[in-house]
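Trainee: My questions are about this predicted structure, shown below with the sequence.
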Amino acid sequence: MRSRRVNACRLLLLLGLAVALGSSPAAGGGKQPYLEGDELTFAFLDLDGRTVRSSDPAFQGKVLLVDLWGTWCPPCVDEIPTLVDLQERLGERGLIVVAIAFEDEDEDGGSRREMLRAFVEQHRINYLVLDGQAPQDADEALPDLKNVRGFPVEILIGRDGRPVDVRNGYGYSKRWARKLERELVELLDTPE
């Protein structure tokens, strides 16, 4: 009898764990983030303190991979080498990787931008990094983006300025990197 109870408890525990993991954004369950409307609008400071807007002429006719991330987020950091590689290889074809970092102020009294600048140098990041404010301000900073439950979030934008896909990223895997590259190449091959 005791054995059956233990097995039943184990089964319930495993079912509960499966349900919890299945509804977790990190496990791919639950709703994906999405945009209200047909464009992503933003205005953030770059690491030199200049305002970069989604409407800047530098983005016109380009394919954008907008990555919402944080240095405190292990899956976000795992993606960096792939994003560096994609920017390096596909940048001349019209890809612009835009990483919007959501960080708390540095505990040592430094600014977010100073901390981000050091992180960018350490990781040899070759793409645009913007200061997105504190993580708890992400909803306010990007009001058209809904259902963000965690980072990273990837937003693919075609040459016409319209979002093609909005989704949670889960960190590096060969499968993820190949799929992302295929999607970006397809967008780059699509005329405006």
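Mentor: That came in fine, so what should we check first?
Trainee: Please report the distance of residue 96 from residue 38.
Mentor: 19 Å (CB to CB, to the nearest Å). Just so you know, the C-beta spots here come from the backbone N, C-alpha and C atoms, and that holds for glycine as well.
Trainee: So if I had to pick from the two, which one is more boxed in?
Mentor: Comparing residue 96 with residue 38 by other CB atoms under 10 Å, the one with more neighbours is residue 96, at 17 against 10.
Trainee: just checking, the more buried one touches residue 63?
Mentor: Yes - using CB atoms under 8 Å, residue 96 is in contact with residue 63, at 7.2 Å.
Trainee: Quick check: bridge partners of residue 63?
Mentor: As for beta bridges, residue 63 partners with residue 95 under DSSP bridges.
Trainee: mind listing what it touches?
Mentor: 94-96, 156-159, 184, 187-188 (CB atoms under 8 Å, 6 or more residues apart in numbering).
Trainee: of the residues you listed, closest to residue 128?
Mentor: Minimum distance to residue 128 across these is 6.7 Å, recorded for residue 96 (CB to CB).
Trainee: domains of this structure?
Mentor: Domain assignment for the chain by automatic domain parsing gives 1-30, 32-189.
Trainee: Compare those domains and say which comes out lowest on pLDDT.
Mentor: Per-stretch mean pLDDT for these is lowest at domain 1-30 (a mean of 35).
Trainee: Would you state the helices of this structure in chain order?
Mentor: Ranges of helices in the chain, per DSSP state H, are 2-22, 74-90, 112-123, 138-141, 174-189.
Trainee: Any buried residues in the shortest one, and which?
Mentor: Which is helix 138-141. 138, 141 (16 or more other CB atoms under 10 Å).
Trainee: Give me the nearest residue to residue 112, chain neighbours excluded.
Mentor: residue 103 (4.7 Å; CB to CB, 6 or more residues apart in numbering).
Trainee: The one you found contacts residue 136, doesn't it?
Mentor: No - Residue 103 is beyond contact range of residue 136, at 11.1 Å (criterion: CB under 8 Å).
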